[in-house]
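1. need the 3D shape of this:
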Amino acid sequence: MSLLLTSAALSLLAVLAVWLTGRRDPAQSPLLTLGSLLTLLALPFLARLPKLTVELPALTGPVQPGTVSTTISWFSLLWMGGFLLFTLRLAADFVSLNRWRARSVDSGDPVMARIVETCRLQLDLRHKIRVRLHPHAMSPFIAGLFRPVVYLPSSSVRWSEGTLRMVLLHELGHVARRDLWTNLAAQCACLVYWFNPLVWWLRSRLMAQCEFACDAKVIAVGADPDRYATALCDIAEAGALPQTALAMAGRAPLRARVERVVCRSRSRHSLLIGAALLFTVSASLGLSVVRLSPAQLALAADSGHGANHPSSLYSPEEIALRSSANPFPAD
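-> Here you go, the predicted structure:
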């Protein structure tokens, strides 16, 4: 089975699994969605595994080898064009992020530095996190894979210590959960499968799940749920940010987040999510290693010559005998 059909089948299975497990609880663990996207990224490598030959009852419909090769060539060119386009778009996001960094300034506030240090120790983060102020930032966000930086609006200097602490706990929670790397993995999956809308849907769902999971982590380390919900409502203005950044007020329904924080409900479908992830990964392995038998592949290729081709009507010996026969036996 070709890589294209395998990826389409796997993405459909992944979307169904994520949708079914998240119907009652949109804040389910992002493990299933992330595992599905990582499996899609691994498909080109899984295609190199040893193949398991499977005999099918019959092959229906003629196959034109020349037509198939031409179609694959055109699709390869189209895929390469889209891949380069979205790669340039991702590179532009990194350039935009550098511009954000250049236009920002260090906070220089000792109170803010003290709150950052307290939040860092509360989340058990080993490396220090810098905080910078940006005049055009509408919402707090964090960016930077190896050296994460928290960007706050310039108006954050007028926030109360309680609001500032909730905001910093949320942004540092993304660092503790490694959500920036999760976002990068989802973006890479969209680069490879840019033509598949199901993969883009999985990425969107994954980002929303990461926001729910980060909210739960902040509450788990001791943050007051009511104050945290108030801070979410106060910061609910997400502007145009680079795709490589994670904002506090973005990619997840605010009402659902506030209700979940206040009600303090927890997902209890870990066994179901694990089973769905195992099924998705197993299906991808099965689709990657199964192939048709050589005899059936030859039959499919021969069917492209048409039903009246001599090779399908006569045996090789009869064809040789007819070729060597005297066309004028009376002579």
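
2. in this protein, which helix or strand is least confident?
-> helix 294-302 (a mean of 48; mean pLDDT, DSSP states H and E).

3. name the helix or strand for Leu169, please.
-> Using DSSP states H and E, Leu169 falls within helix 161-177.

4. and that helix, what other elements does it pack with?
-> helix 110-122, strand 141-143, strand 149-153, helix 197-220, helix 225-234 (3 or more Cβ pairs under 8 Å, 6 or more residues apart in numbering; DSSP states H and E). For every residue, glycine as well, the C-beta is placed using N, CA and C.

5. and the next element down the chain from that helix?
-> The helix or strand immediately downstream of helix 161-177 is helix 179-192, counting by DSSP H and E.

6. from the contact counts, what lies against that next one?
-> The contact analysis (3+ Cβ pairs under 8 Å, 6+ apart) places helix 179-192 against helix 31-46, helix 65-103, helix 197-220, strand 246-247.

7. try 10 Å
-> Helices and strands touching helix 179-192, by 3 or more Cβ pairs under 10 Å, 6 or more residues apart in numbering; DSSP states H and E, are helix 31-46, helix 65-103, strand 141-143, helix 161-177, helix 197-220, strand 246-247.

8. any buried residues in the longest one, and which?
-> If I follow you right, that is helix 65-103. 90, 93, 96-97, 100 (16 or more other Cβ atoms under 10 Å).

9. could you spell out the sheet neighbours of the next helix or strand after it, each with its direction?
-> Once the chain leaves helix 65-103, the next helix or strand it forms, by DSSP H and E, is strand 105-106. If you go by DSSP bridges, strand 105-106 pairs up with strand 130-134 (antiparallel).

10. average pLDDT for the partner strand, rounded please.
-> Regarding strand 130-134, the rounded mean pLDDT is 89.

11. can you point out the buried residues in that strand?
-> Under 16+ other Cβ under 10 Å, the buried positions of strand 130-134 are 131-134.

12. show residues contacting that strand.
-> Here strand 130-134 makes contact (Cβ atoms under 10 Å, 6 or more residues apart in numbering) with 100-101, 103-109, 112-113, 115-116, 140-142, 144, 147-157, 164, 168, 171.

13. please indicate which of the residues you listed are buried?
-> Buried members of the contacts of strand 130-134, counted by 16+ other Cβ under 10 Å: 100, 104, 107, 112, 115-116, 140-142, 144, 148-153, 156, 164, 168, 171.

14. sorry, back to before: same list (the helices and strands packed on helix 161-177) but as CSV, adding distance to Gly35.
-> CSV is the format used below for the helices and strands packed on helix 161-177 (distance: least, Cβ to Cβ, whole Å):
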stretch, distance to Gly35
helix 110-122, 29
strand 141-143, 24
strand 149-153, 28
helix 197-220, 10
helix 225-234, 28
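
15. closest one to Gly82 among the ones you listed?
-> Judged by Cβ to Cβ, the one of those that comes nearest to Gly82 is helix 197-220, at 12.4 Å.

16. out of the buried residues of strand 130-134, which is nearest to Arg48?
-> Arg132 (44.5 Å).

17. distance of the closest one from Pro153?
-> For Arg132, the distance to Pro153 (Cβ to Cβ, to the nearest Å) stands at 11 Å.

18. do the same with Ala42
-> Ala42 is 40 Å from Pro153, where distance means Cβ to Cβ.

19. equivalent analysis for Pro140, please.
-> Going from Pro140 to Pro153 by Cβ to Cβ gives 7 Å.

20. give me the common contacts of these two.
-> With Cβ under 10 Å, 6+ apart as the test, Pro140 and Pro153 both reach 134, 159, 235.
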